[in-house]
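Participant: give me a model of this one.
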Amino acid sequence: MRRSSFVVGLALVLGSAACTVNTTAPAPIGQDPEAPAPAPTTPGLPGAVTPAALPFKPSNLDISDIDVSKLGDVTVTATCELTAGDERETFCGDSKNVAYKLVDQPGAGKIGVFVARSIRVEPNARITIKGTRAIAIVALDTFDVRGAIDASASWDYASPGGFKAAGGAEALDGAGPSAGKAGTLVSGAGGGGHCGNGGAGGAVDPEEMVPGGVAQGSDTIVPLVGGSSGGKGHLGAGTGGGAIQLVAGKQLVIAASASISANGSGGTN
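Facilitator: Just a heads-up that it's a prediction; the model follows:
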């Protein structure tokens, strides 16, 4: 089989600058000038109590129930691994500055959502995404990617949000809505599709090539799911690529040194 297409979602809306507050202005009429100032509502300031929403609603997820005033800045400086588990998860070992929740996509599985105030991935750092669930990473302010973020499949192991072909010795069609067809004695299996058609299996006679999966999905990437797997020969099929959604409230930076990958894996016939 051939590799399936990858799935990466990027969301960005530019926010306006905050207003400057004149701290020497007199107290409003009816308010005691000596009374303590109300608690700040800007995320990250000491004493902040009111969650501040993104200036837009991201597709596939809702973070309105997260108290973002408790979030902080995260910098990833080394290789680390993310998994979307059922319980509290850390973001590359950071649990103080990051919130985590699971979001259900009816009929399309759950997404593991990590939320921080700002996120920076240094040039020599790599975030490897494992497990079976798709992952969304949200920065309320700036998301600066200078290193690597990778949700690629590995052989026939499950990928985050991707589809895995069934096991067994017999040749079978792949898994997922754009699965490739099973291989035959004269043709390799078809590759999984996603935004484009999957590749046909290799064969001596072009007329005997097994087709790949058809194009499926949309540019909105709703719901957030990974790629379909290719078809299976008599030995094994690869797995569809995973799914990542990156969200930035103000600025999303993808530097020249950065790489974001969610590749499908190759199989054997």
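
Participant: residues near Gly161, how many?
Facilitator: Taking other Cβ atoms under 10 Å as the criterion, the count of residues near Gly161 is 32. Where you see a C-beta, it was placed from the backbone N, CA and C, and this is true even at glycine.

Participant: next: the one 10 residues further on.
Facilitator: Other residues within reach of Ala171, judged by other Cβ under 10 Å, total 19.

Participant: dump the residue contacts of it.
Facilitator: 182-184, 189, 231-234 (Cβ atoms under 8 Å, 6 or more residues apart in numbering).

Participant: emit the ChimeraX select command for whichever of those are buried.
Facilitator: Selection of buried members from the contacts of Ala171 for ChimeraX, criterion 16 or more other Cβ atoms under 10 Å:
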select :182,183,184,189,231,232,233,234
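
Participant: mind putting the contacts of Ala171 in TSV, distance to Gly217 included?
Facilitator: Shown next, in TSV, are the contacts of Ala171 (distance: Cβ to Cβ, whole Å):
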residue	distance to Gly217
Ala182	22
Gly183	24
Thr184	27
Ala189	21
Gly231	19
Lys232	22
Gly233	26
His234	30
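
Participant: show me the shaky parts of the stretch 151-269 of the chain.
Facilitator: Within the stretch 151-269 of the chain, the stretches with pLDDT under 70 are 155-156, 169, 267-269.

Participant: ok, which stretches of it are strands?
Facilitator: Along the stretch 151-269 of the chain, the stretches classed as strands by DSSP state E, counting those that start in this stretch are 243-248, 251-254, 259-261.

Participant: please identify the deepest-packed of these.
Facilitator: Among these, strand 243-248 has the highest mean neighbour count (mean count of other Cβ atoms under 10 Å), at a mean of 26.

Participant: contacts for that strand?
Facilitator: 7-12, 54, 58-61, 111, 129, 134-139, 141-143, 145, 149, 151, 160-162, 221, 224-226, 252, 260, 262.

Participant: and those, which are buried?
Facilitator: For these, buried by 16+ other Cβ under 10 Å: 7-9, 11, 54, 58, 60-61, 111, 129, 134-139, 141-143, 145, 149, 151, 160-162, 221, 224-226, 252, 260, 262.

Participant: restricted to helices, list these.
Facilitator: Assigned to helices by DSSP state H, none of the buried ones among the contacts of strand 243-248 qualify.

Participant: ok so, going back, export the strands of the stretch 151-269 of the chain as JSON lines, with columns for distance to Val103.
Facilitator: Output for the strands of the stretch 151-269 of the chain, formatted as JSON lines (distance: least, Cβ to Cβ, whole Å):
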{"stretch": "strand 243-248", "distance to Val103": "10"}
{"stretch": "strand 251-254", "distance to Val103": "20"}
{"stretch": "strand 259-261", "distance to Val103": "21"}
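
Participant: quick one, which of those gets closest to Thr79.
Facilitator: Comparing these by their distance to Thr79 (Cβ to Cβ), the top pick is strand 259-261, with 13.4 Å.

Participant: now do the closest one: which elements does it pack against?
Facilitator: strand 148-150 (3 or more Cβ pairs under 8 Å, 6 or more residues apart in numbering; DSSP states H and E).

Participant: what mean pLDDT would you report for the strand it packs on?
Facilitator: For strand 148-150, mean pLDDT is 96.
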